[in-house]
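Enquirer: no sequence on hand, only this structure:
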C-alpha cells in the first residue's frame, strides 16, 4: 500500500539561497495536487511528508525526488492538498507545507473543489483521451445499466456541465491568485498537466503575463473532432496559447493541438525553429516541444538493492513458484483494454496448452471514481473468473486496489515478471514500461506494448501490438515466451540505451531551457519592431499638432469587429461609440478623416453614411467620396470614380472572365468558399470553409493565378481569408498617396499629423505610403498602427478591435472637454458614472447595448433609456457662469417686467380718465362691488411681488 512504512518519504529537492543566474533561475512547479502527504499526528498537529509519485494524478509513476538533485535551482511546488482543510487551519497547513517546499491552494468553495475534481476526471480526462463527450459515456460503455437509467445519467451530465465549468474557472482563478501572491522576481512558472490549462488565462490578467511560463501536458491531446464536443474549446485553446512554451510527449499530440488551433482559432500553420514547432498567435510565438519523459535508471537500481524490495521479490517467488509471470498495473477503465488482455492470454493458452500450468498473469487494477471504474472492475472480475474456470490452476490473478502501488512495490513486481503487457487504447505519461526495462538491466525480460502507448515510441526493443487485435496480442505473448536468450538481451540493451540517454533530469533541463528561450526571444523580437499604442501617446501626438490632421482607418476588423457565422463573413455594424468618435473628429475643421476599405460603395454608405464630414474610399481606391465640411457635410455626397477605368476594362474585360473561370473551379471544390464580384476586382473568399483546407486551396489558387496572369497588368493579392485579382493601379497605398498629395497642394495650412490604422496585408501598403509621403512632405508626426501584435511595417500596434474603440473614445472625450459640449455617447458614460448624484431624476433602468446599436437607431435606444438625443446644431459654446446667470432666469425676468408695464399702463389710462386716485378708487367701487375690486387689486400686487422674488432668487442661484 502507498502508506506502507517500507518506503520512506524522500526529502524535497534542496534549494539554494545564493543568487540565481538565468540557467539556475528559481522554479515554481504548479500542479493540481501537491507531491506530499498531509496527516495529523497524535497531538493534532499537521505534518507534511514528501511523496513525489503524487505530483501528477494522470501518471502511474512520476517523481521529482531526484529530478534536480544535481541542480542548484530553488524549487517550490504549488497546488491543492488532498484533504479538506477548515478555514481556521489554513495557516497551520501552510506552515506544515513550507517544510517540504510546498505552497497549498485552498479553494474558496468546498463545492467548487469537489466539482473541479469531477469535471477534470470525468470530462476533461475523457475528452483528452479522444473519447466521446462524457455525457454519453454511460450510454455506450456501461451495458449493465438499464437504458432509462443510462439516459437519465446522460441528461444529468449535460445539465451539470455549466456548473462544472464554472467551478473549473473558480478553482483556476484561486490557483492563479496564489501564484501571483507568492511570486518572486526571476522565477519561472512550470504548469503540469491538463488540470491547470486555464490558469494562464487568469495569470495574463495580472502583471505576470511576461514571466517565463511553460505548460506540459502529460496526457494525449485530443483530435479536433473530440475537442469539438466541448462547448468551451475556444477558451481552453486561447488560455493555453497565453504561455510561452507548451510541451507534449509525442509529436502526434502536438499535431492534434496544431490542427485544433488552425481549424478552431484559424491560426496559420506552424513553422520550425531549432527543432521546435512555433505557433503564431497574432504575433506572439509559442514554442512546442515534443520530448518523452522516462525515468532515472540509477533510482531503480538503488531501490532494487533495498531490503524491502528484496523481501518482496522473495515473497512473490514463494507465492508463485515455477511460474512464468506476465505482469501489468493499470487503471481500471475503458481506456486500458483489460478485457482484451485477458482474452488474448486465454487465446494464447488455447494454442499452447502446455503453458496452462506454467503461465500466470498478475494484473493490478487501480479503481478510481470516474468513467465507471468500479462497474468496469466488476465486469473484468467476471471475465477473469470465467477464464480461470476453464483451467485447473488460475491463470490470471486480478488484484483491485484503490491506491496506487508504491515505487518499491512496482519495482519488486517488475523484477519477478518475465513479460510486461500493456494494451491501452489511449495513454499519456506512464513510466511503468521504463521501470520494467530498468529492473531487468542484469536479467532478461520482454515488453509487449500497445501501439498507443507513449513508451512504444521510445522502447524499440518492445513488441508493439494493436490493442484491438486480440489475435495479434496472443501471438506477441507466444513470441515473448519462445524468444531466445540472445534476442532478449539484444532488445533489452537497445531499450537500456534509450532510457540512459533520455533521463528525467535531461528531459526537465531541456524543457526549462526551451521555456526560458521562448520567453526571451519571441516577445523581444516583436517589441523591437512595434510598440504598443496607448491613449497617452496618441493624445500627446494629437495635441502637439497645430496644422492639419489626416486620418485613414480600415473598416473590417479595425473600426468594426470580426464577426463570423455559418455563412462566412457577415459585414458587421459599426459600434455607436466608434461612429460618435468619428463624428467628433470630423467636426474639427483641421481634421480630415477617411475610411479606406476594399468593400463596395453601397456597403460603406450603409455603415458610415450617417457620419457627417466623413470621407469614404471603396474598392481600394477605385471609388471615393470626399469629405465635406460645414453645412454641406450633412448633404448626401456622390461617389466619384477615382480609379483607372481604362486599366480595369483593359482587353475588353477578358481578364475578368479568365479569373472568374479559374476561381469558380476552386469554389466548386471548396465547401464554404464563395466568389465575390466587384466593379474593379474579383475575390475568392474562404472564410466559411474549413480553415486548413481553405488555406491549402488558397495557396494553390495563388500560384495558379500568378502563373496564368504573368505579364498582365494585374496584381494577385493573398489576404487573411481571400485571394484577390485586381488591376495594378489599385491599392490602399496608392490612394493614400494621392489623397495626401491633393490635400498638401490644396490646403493653406500644413499637414503635421497623419494616423493610419488597419489589420490586413493590404493595410501594410497604406503604412508604407503614409511614411513615404511624410518623408517627402516633411510631416513631423506619422502614426502607423496595426491591429494585432504581429510582424508589421507599422510603428505601433493595438491588441484588438476593443482597444481601437477605447483609443477613439479617449480622443473623443478629450475633444469634448476642450469644446465644452457632450456627444450622445458622452451623455451615456457621464450618466453611468454620476447618476447617483441626481436623486430627483428617475431614469429608466434599461441598459443601452452600445456595441450592438448602429447610428441610425441610436436615437430610439437613447429614448428607451430615458435620454433625448442632442444634435450638433443645438450645442452652444457658453462659459459656465453665463450659463447659470443668463439662460433660464432672463426669460422669467422679462415676463415679470412685461406684467408690471401692462399693469402700469392700465392704471395710467384709468387715472387719466378719472382725474386722480380718489376718483379711481371711487369709480372702481362704484362701477362694481367694492370688495371685489379691492380683492383683485391685492391679488395682482401679490402675484407681481411673488414673481419678482422668485426671479431674484433664480438669478442669485437659489
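Expert: Alright, I've got the coordinates. Since the model is a prediction, treat every value here as computed from it, not as a measurement. Numbering: from 1, shown residues only.

Enquirer: isn't there a strand covering residue 602?
Expert: No. Counting by DSSP: H, G, I helix; E, B strand; the rest coil, residue 602 is not found in a strand; it is helix.

Enquirer: and it, how many neighbours?
Expert: 11 (other C-beta atoms under 10 Å). Glycine gets a C-beta too; all of them are placed from N, C-alpha and C.

Enquirer: per-domain residue ranges of the chain.
Expert: What the record gives for the chain is the domain set 22-107+171-290, 297-501, 531-643+730-816, 647-727, 886-955, from automatic domain parsing.

Enquirer: make JSON lines out of the ones you listed and add mean pLDDT and distance to residue 514.
Expert: Below are the domains of the chain laid out as JSON lines (pLDDT from 0 to 100; distance: least, C-beta to C-beta, whole Å):
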{"stretch": "domain 22-107+171-290", "mean pLDDT": "86", "distance to residue 514": "5"}
{"stretch": "domain 297-501", "mean pLDDT": "92", "distance to residue 514": "18"}
{"stretch": "domain 531-643+730-816", "mean pLDDT": "87", "distance to residue 514": "21"}
{"stretch": "domain 647-727", "mean pLDDT": "87", "distance to residue 514": "26"}
{"stretch": "domain 886-955", "mean pLDDT": "57", "distance to residue 514": "69"}
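
Enquirer: got CSV for those, with distance to residue 519 too?
Expert: CSV is the format used below for these (distance: least, C-beta to C-beta, whole Å):
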stretch, distance to residue 519
domain 22-107+171-290, 4
domain 297-501, 24
domain 531-643+730-816, 15
domain 647-727, 28
domain 886-955, 61
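
Enquirer: out of the ones you listed, which gets nearest to residue 129?
Expert: domain 297-501 (4.0 Å; C-beta to C-beta).

Enquirer: from the chain's centre, how far out does the closest one sit?
Expert: Chain-centre distance of domain 297-501: 42 Å, with C-alpha atoms, centre = their mean, to the nearest Å.

Enquirer: check stretch 217-233 too.
Expert: The answer for stretch 217-233 is 15 Å, by C-alpha atoms, centre = their mean.

Enquirer: ranges for the strands of the stretch 101-250 of the chain?
Expert: Using DSSP state E, counting those that start in this stretch, the strands of the stretch 101-250 of the chain run over 102-105, 188-192, 213-216, 245-248.

Enquirer: could you name the helices and strands sitting against the second one?
Expert: On a contact count with 3 or more C-beta pairs under 8 Å, 6 or more residues apart in numbering; DSSP states H and E, strand 188-192 meets strand 27-33, helix 199-204, strand 213-216, helix 504-529.

Enquirer: what segments of the stretch 301-450 of the chain are helices?
Expert: 307-319, 338-351, 373-388, 407-416, 432-439 (DSSP state H, counting those that start in this stretch).

Enquirer: how about the strands of the stretch 101-250 of the chain in CSV, adding mean neighbour count?
Expert: Converted to CSV, the strands of the stretch 101-250 of the chain look like this (neighbours: other C-beta atoms under 10 Å):
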stretch, mean neighbour count
strand 102-105, 20
strand 188-192, 24
strand 213-216, 25
strand 245-248, 26
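
Enquirer: so can I have JSON lines of those strands showing distance to residue 310?
Expert: JSON lines is the format used below for the strands of the stretch 101-250 of the chain (distance: least, C-beta to C-beta, whole Å):
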{"stretch": "strand 102-105", "distance to residue 310": "32"}
{"stretch": "strand 188-192", "distance to residue 310": "33"}
{"stretch": "strand 213-216", "distance to residue 310": "35"}
{"stretch": "strand 245-248", "distance to residue 310": "37"}
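
Enquirer: hmm, back to that, out of the helices and strands packed on strand 188-192, indicate the one that is most buried.
Expert: strand 213-216 (a mean of 25; mean count of other C-beta atoms under 10 Å).

Enquirer: please consider this matter closed, and thank you.
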